[in-house]
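# what's the 3D shape of this:
(one chain, ligands or ions: 1)
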Amino acid sequence: MAPILVSMEIGKDGIAIIRICNPPVNALTFSGDDKFCVGLDINIIQKVQKTGDTSFLPDASVELVIDTIENGKKPSVAAIQGFALGGGLELAMGCSARIATSRAELGLPELKLGLIPGCGGTQRLPRLVGTSKAIEMLMSSKIITSEEGKEFGIIDDVVSSHEDLLTVSRLWALDIAEGRKPRTHTLQRTDKIKPIHESSAILEVQRQQVLKTPRSMPHYKVCLDVIEEGIVSGGYAGVLKEDKVFRELVLSKSAKALLHAYFAERATSKVPGITDCKIKHRKIEKVAVIGGGLMGSGIATALILSSIQVILKEINFDYLLKSLKSIEVNLHSLVKRGELLEKKMKKAFSLLKGVVDYEEFTNVDMVIEAVNEEVLLKQSIFEEIEKICPPHCIFASNTSTIDLNVIGARTKSQDRIVGTHLFSPAHVMPLLEIVQTENTSKLVILDVLKFAKIIQKIPIVVKNCTGFAVNRTFFPYMQGAEILANLGVDVFRVDRVITEFGMRIGPFQLFDLSGYSIFLASVKEFAAAFPDRTFQCPLVQLMMANGRTGKKNGRGYYLYKKGKIPEPDLSVLKIVEESRRLASIMPGGEPISVMDQEIVEMLFFPVVNEACRVIEEGVVLRASDLDVASIHGMKFPSERGGIMYWADSIGAEYIYARLKYWSKAYGNFFQPSQFLQEKATKGIPLLEL
Ligand SMILES: C[C@H](O)CC(=O)SCCNC(=O)CCNC(=O)[C@H](O)C(C)(C)COP(=O)(O)OP(=O)(O)OC[C@H]1O[C@@H](n2cnc3c(N)ncnc32)[C@H](O)[C@@H]1OP(=O)(O)O
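Numbering: from 1, shown residues only. Predicted coordinates:
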């Protein structure tokens, strides 16, 4: 690791400017060129986790932040630009004042990494913004703007430019040093902290919330305990407890898994042969979206929120108005949830233009087709846009199943065709699967990778195949649930066990939410591509024949009523019985008996198995891409590190043995892949290629 450059320069006014430079993001440093500090160097955390030796962690909490900065002889002022995150914001909160540029971003995201702040953040944040706000910021790991920071009480002054930052910070330092402004010691402040009984009540409400999070996430509750220690016994005692807990948590199972997920996510934007070459990406400023249904309107929402100009095309004015309305609803719901300012919503909406023809397509940089999954329709659209769009324009399809070569078969622009598979709702779900065919140019992939960054999506670059990486890998999860139901396992028990494992909802509720007809269309595609391992299950058709369409008509495995939590509909059990009779896969005609753990394994081991095939076929660049895909595409619990990390924590040998056993008992669906067998026999982790 290169040494961190520290410089100190004393100006004529007697104010010393300390700069510590540690590119690219100033990990636990004061002030580099464009980022204040993004917190403790995460590579150090990784080193501690690999070695089990916590002595690699800096002893900064008391000695540096309390003794030197907060209680030192001279007052200090934090001049913040870029990011002040984690330990970076904690250093700033130890200063007597904080000045930030208007574009600076602040936050304590440690809980996202399975940790709690370790430099006094659990103590100083409540003292600056009040207990409730501090808990909200900590629990959500949310990053806020400097304007919000000022409103909440973290930031003392916001300046409009980089040039003003040092000038204004210097003035603040002089004013404090010469007594014109008070020198504050955040840790000693009590004005924002409510009396103990009121604070305890706030903390108790949060504890009840935390109980709802998976058991494998201890740090949420521990964080509340540490905040409480500071309220009951004082800030200094709180800092000491925080330091102790931080060091324990670094080595916890969930922190290791979450850090793996963090590094896996970082890796996805690095594509050998593309991002390491000297190709320069082009700007994507104006995008046409074709089709304004659920996906298209979600995509348009995501784009305008990222300041991209959007032309939304529908086939007639009726449909167009509906699409524009959906986008408006999407934006309003973000405002209502406090995730978007009214002003920004208006600006976003002004970037949208609805059309019913191709006239406006002459100067777009990219087209994203998001119409129904009909091959002929998509082919004619691509043929049409090739005639109208400029030669640099990228032709993207949001298809989740159809072969991109088939979609682009009637064009000459094979090199410009790419898959941009977003997940619904597209303005909320963070994953973007970028599908490259053998003809897609490197430049187009590079452009779409940059585009992903602009629209704040996590990209994974995958090869063209049925279901691509995410749907293909997770299709067996839904099929596994159907098999279990037909083997005699209660559908509601399956959902309960799976949510206890950490999935947000169980597979049967997922059937209800995603819609039965979409699932049936996938079964058709998968049966054609992988006939040997696709289970033809009568259950979904039976549900539809009984007038159930899931959430759409309020009746599925669950009953859906506006504003109410979905309730299991026990009358569905008769339909499940009928399916069991038709499928006839119960050994000896009797329901099988399984432990809860086996339910988890029978659903997720087939996923691991398919993931192995996806890796072997080179559909993904690295096995850890499937961890990212599982967390962000399927909501696999991040504290388990993703599907492959979780599989490795169990071991390929055990997974192989279980699949082999089930394949003999229940059929080919469970047949272990060659890749898994090899890894199991050689004892090599699945993440190791
Ligand atoms: C004691 C304390 O309480 C404990 C802590 O502080 S724990 C650390 C808390 N801080 C964080 O979690 C911040 C993590 N970083 C981020 O969220 C994002 O990187 C960011 C929002 C700061 C910047 O995003 P962006 O501008 O898109 O740049 P991004 O590509 O992510 O990062 C640039 C490089 O900096 C690295 N980096 C970012 N944060 C880092 C950190 N805290 N330590 C070491 N490296 C870091 C990234 O890995 C990346 O390296 P790479 O190019 O080799 O992959």
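# contacts and neighbour counts: CA atoms only from here.
Fine.
# quick one, grab the pLDDT at Leu5.
As summarised for this prediction, Leu5 has a pLDDT of 67.
# pLDDT at Thr466, what is it?
Thr466 carries a pLDDT score of 89 in this model.
# for the residue nearest to it when sequence neighbours are not counted, give me its contacts.
Leaving aside its chain neighbours, Thr466 sits nearest to Thr401 (5.6 Å; criterion: C-alpha to C-alpha, 6 or more residues apart in numbering). Thr401 makes contact with 373, 466-468, 522, 525, according to C-alpha atoms under 8 Å, 6 or more residues apart in numbering.
# one more: Gly120?
By C-alpha under 8 Å, 6+ apart, the contact set of Gly120 is 61, 65, 90, 238-239, 242-243.
# follow-up on the earlier one: which ones among the contacts of Thr401 are found in helices?
Counted as lying in helices by DSSP state H, out of the contacts of Thr401, are 522, 525.
# of the contacts of Thr401, which is the most crowded?
Within those, neighbour counts (other C-alpha atoms under 10 Å) peak at Phe468, which reaches 25 neighbours.
# picking up where we left off before, from the contacts of Gly120, pick the one nearest Glu500.
Glu242 (28.9 Å; C-alpha to C-alpha).
# for stretch 69-77, measure first residue to last.
End-to-end distance for stretch 69-77: 9 Å, by C-alpha to C-alpha, to the nearest Å.
# show me what from this protein comes close to the ligand.
24-25, 27, 38-43, 85-87, 109-110, 117-119, 266 (C-alpha under 6 Å from any ligand atom).
# ok so, going back, closest to the ligand among the contacts of Thr401?
The shortest approach to the ligand among these belongs to Phe468, at 24.9 Å (C-alpha to the nearest ligand atom).
# how many residues are close by Phe605?
As a burial measure, Phe605 scores 25 neighbours (other C-alpha under 10 Å).
# that one reaches Ile655, doesn't it?
Yes. Counting by C-alpha atoms under 8 Å, Phe605 does reach Ile655; the two are 6.4 Å apart.
# name the residues contacting each of those two.
Ala647.
# neighbours around the residue in the stretch 251-400 of the chain that the ligand sits nearest to, how many?
Closest to the ligand within the stretch 251-400 of the chain is Arg266: 5.3 Å, counting by C-alpha to the nearest ligand atom. By the criterion of other C-alpha under 10 Å, Arg266 has 14 neighbours.
# ok, Gly107 - contacts?
Applying C-alpha under 8 Å, 6+ apart, we find Gly107 in contact with 84-86, 89, 137, 141-144.
# change it to 7 Å
Applying C-alpha atoms under 7 Å, 6 or more residues apart in numbering to Gly107 gives the contacts 84-86, 89, 141-144.
# PyMOL command for the buried members of those residues?
To isolate the buried members of the contacts of Gly107 in PyMOL, using 16 or more other C-alpha atoms under 10 Å:
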select buried, resi 84+85+86+89+141+143
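# quick check, nearest of the contacts of Gly107 to the ligand?
For the contacts of Gly107, the closest approach to the ligand (C-alpha to the nearest ligand atom) belongs to Gly86, at 3.7 Å.
# the closest one reaches Lys112, doesn't it?
No. Using C-alpha atoms under 7 Å as the test, Gly86 is too far from Lys112 to be in contact (10.8 Å).
# the residue of the stretch 251-400 of the chain closest to the ligand should be in a helix, yeah?
Yes. Checked against DSSP: H, G, I helix; E, B strand; the rest coil, Arg266 lies within a helix.
# for it, report the pLDDT, please.
95.
# ranges for the strands of the stretch 301-450 of the chain?
Taking DSSP state E, counting those that start in this stretch as the criterion, the stretch 301-450 of the chain contains strands spanning 309-313, 352-355, 366-369, 394-397, 417-422, 431-436.
# taking the stretch 101-250 of the chain, what residue is nearest to the ligand?
Proximity of the stretch 101-250 of the chain to the ligand (C-alpha to the nearest ligand atom) peaks at Pro117, 3.5 Å away.
# let's verify that residue: helix, strand, or coil?
Using three-state DSSP, the secondary structure recorded for Pro117 is coil.
# shaky segments in the chain?
For the chain, the stretches flagged by pLDDT under 70 are 1-6, 20, 24-25, 28-34, 213-216.
# rerun that using 50 as the cut-off
For the chain, applying pLDDT under 50 flags the ranges 1, 29-32.
# quick one: secondary structure of the residue of the chain most remote from its centre?
The centre of the chain is farthest from one residue, Lys12, which by C-alpha atoms, centre = their mean lies 48.0 Å away. In three-state terms, and counting by three-state DSSP, Lys12 is coil.
# Val129 versus that one, what's the distance?
Between Lys12 and Val129 the distance is 35 Å, computed by C-alpha to C-alpha.
# thinking again about what came up before, ok, the residue of the stretch 101-250 of the chain closest to the ligand touching Gln123?
No. Pro117 is not in contact with Gln123 according to C-alpha under 7 Å; the separation is 9.3 Å.
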